[in-house]
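*Asks:* Dropping the sequence and predicted coords here.
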Amino acid sequence: MSAVSQSYSIPTDDAVALDFEAAWTAHRDRVYRWALRFLGGDAPAAEDLVQEVFVKLLRELPRLSQTQDVGGWLYQVTANLAFDRLRRAQSFTGRLSRLFAFAEPVPTPEELHARRHEASAAMRALKALGGREAVVLSMKVLDGHTQVEIAKLLGLSEGQVSKLLTRAWSRLEAAGWEVGDE
C-alpha cells in the first residue's frame, strides 16, 4: 500500500455514515472485480484502489444527488483511478496474463498449456497498446460497455473513444489476431 500524503476530511454526519455503509456493502465486491480487471490481476493494487475509491466516495457522498446512480459513479471513479495508475505505471498489459488464471472449470493440463501459450501471444500483442487503449478496450470487451458509456465514464469524447478502440483493434489485427466485427 502506498503512503498517502494527502489529508482527507471525513464527514461525520450519521446519515452519510449510513449511506456509506450501505454503498460499501452493496458495491465493494463489484468495485474490487473492476479494479482487479483494470489493473491486470494485481490483487494488492486492486485492494488499494478499492480503498481509494471508497475514501473518495466518503468525501463526495454529501454532494452526490439522491437520484444519482452510486454504482455508476463508483464504476466511473474506479475506471478513472485505474486509468491514472496505468498512465503512471503502464502496468495493465504487463499483468493482464493473470486474468487468464480465473477460468472455470479447471482446464486439463493440455488445455492449460494451450491457454498459456495463447495468453503469452496475446500479451505480446497487448503490450503494444498504450494505457488508454488497453483501458478502453477492456471496458468495451470485458465489461460490455458501449462507446458512449465509455466516453461518459472516462470523461472523453465519443470521438476519442472511437479513435482509441479503432487503433487498438488495428494494432491487434496487425499482430495477427482476428478481431471480428469490433
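*Replies:* That came in fine, so what should we check first?
*Asks:* what helices or strands is the helix or strand containing Asp48 leaning on?
*Replies:* Using DSSP states H and E, Asp48 falls within helix 43-60. Other helices and strands packing on helix 43-60, by 3 or more Cβ pairs under 8 Å, 6 or more residues apart in numbering; DSSP states H and E, are helix 14-38, helix 70-89. No exception for glycine: its C-beta is placed from N, CA and C like everyone else's.
*Asks:* quick one: the closest residue to Val136 other than its chain neighbours and Glu52, what's the gap?
*Replies:* Leaving aside its sequence neighbours, Val136 sits nearest to Leu164 (Cβ to Cβ, 6 or more residues apart in numbering; 4.4 Å). Remark: distance between Leu164 and Glu52 (Cβ to Cβ, to the nearest Å) = 24 Å.
*Asks:* again with Gly155
*Replies:* Distance, Gly155 to Glu52, by Cβ to Cβ: 18 Å.
*Asks:* just to revisit the earlier point, next up, the contacts around the residue nearest to Val136.
*Replies:* When contacts are counted by Cβ atoms under 8 Å, 6 or more residues apart in numbering, Leu164 is found next to Arg132, Glu133, Val136, Leu137, Leu156.
*Asks:* low-scoring stretches of the chain, by residue?
*Replies:* The model of the chain has pLDDT under 70 over residues 1-18, 65-68, 87-107, 115, 119, 121-127, 142, 177-182.
*Asks:* Gln147 contacts Gly159, doesn't it?
*Replies:* No. Gln147 is beyond contact range of Gly159, at 9.5 Å (criterion: Cβ atoms under 8 Å).
*Asks:* roughly how far apart are the closest residue in space to Leu57 that isn't next to it in sequence and Thr146?
*Replies:* Take Leu57 and drop its neighbours on the chain: the residue closest to it by Cβ to Cβ, 6+ apart is Ala23, 6.2 Å away. Per Cβ to Cβ, Ala23 is found 25 Å from Thr146.
*Asks:* So these two - more neighbours on which side?
*Replies:* Using other Cβ atoms under 10 Å as the criterion, Ala23 and Thr146 rank with Ala23 on top: 20 against 12.
*Asks:* Verify the stated contact: the more buried one with Glu60.
*Replies:* No. With contact defined as Cβ under 8 Å, Ala23 does not count as touching Glu60 (10.8 Å).
*Asks:* ranking the helices and strands packed on helix 43-60 by burial, who's on top?
*Replies:* Stretch with highest mean neighbour count among the helices and strands packed on helix 43-60: helix 70-89 (a mean of 18; mean count of other Cβ atoms under 10 Å).
*Asks:* can you pull the alpha-carbon coordinates of it into PDB?
*Replies:* Taking Å, rounded to 0.1, in the frame of the first residue of the first chain, the C-alpha atoms of helix 70-89 are listed here in PDB:
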ATOM      1  CA  VAL A  70     -24.000   5.300  -7.000                       C
ATOM      2  CA  GLY A  71     -23.000   2.100  -8.800                       C
ATOM      3  CA  GLY A  72     -22.400   4.000 -12.000                       C
ATOM      4  CA  TRP A  73     -20.500   6.700 -10.100                       C
ATOM      5  CA  LEU A  74     -18.300   4.000  -8.500                       C
ATOM      6  CA  TYR A  75     -17.600   2.400 -11.800                       C
ATOM      7  CA  GLN A  76     -16.500   5.800 -13.300                       C
ATOM      8  CA  VAL A  77     -14.300   6.600 -10.300                       C
ATOM      9  CA  THR A  78     -12.800   3.100 -10.400                       C
ATOM     10  CA  ALA A  79     -12.100   3.300 -14.100                       C
ATOM     11  CA  ASN A  80     -10.600   6.800 -13.800                       C
ATOM     12  CA  LEU A  81      -8.400   6.000 -10.900                       C
ATOM     13  CA  ALA A  82      -7.200   2.800 -12.600                       C
ATOM     14  CA  PHE A  83      -6.600   4.800 -15.700                       C
ATOM     15  CA  ASP A  84      -4.500   7.300 -13.800                       C
ATOM     16  CA  ARG A  85      -2.500   4.400 -12.200                       C
ATOM     17  CA  LEU A  86      -2.000   2.800 -15.600                       C
ATOM     18  CA  ARG A  87      -0.900   6.000 -17.100                       C
ATOM     19  CA  ARG A  88       1.700   6.300 -14.400                       C
ATOM     20  CA  ALA A  89       2.800   2.700 -14.300                       C
END
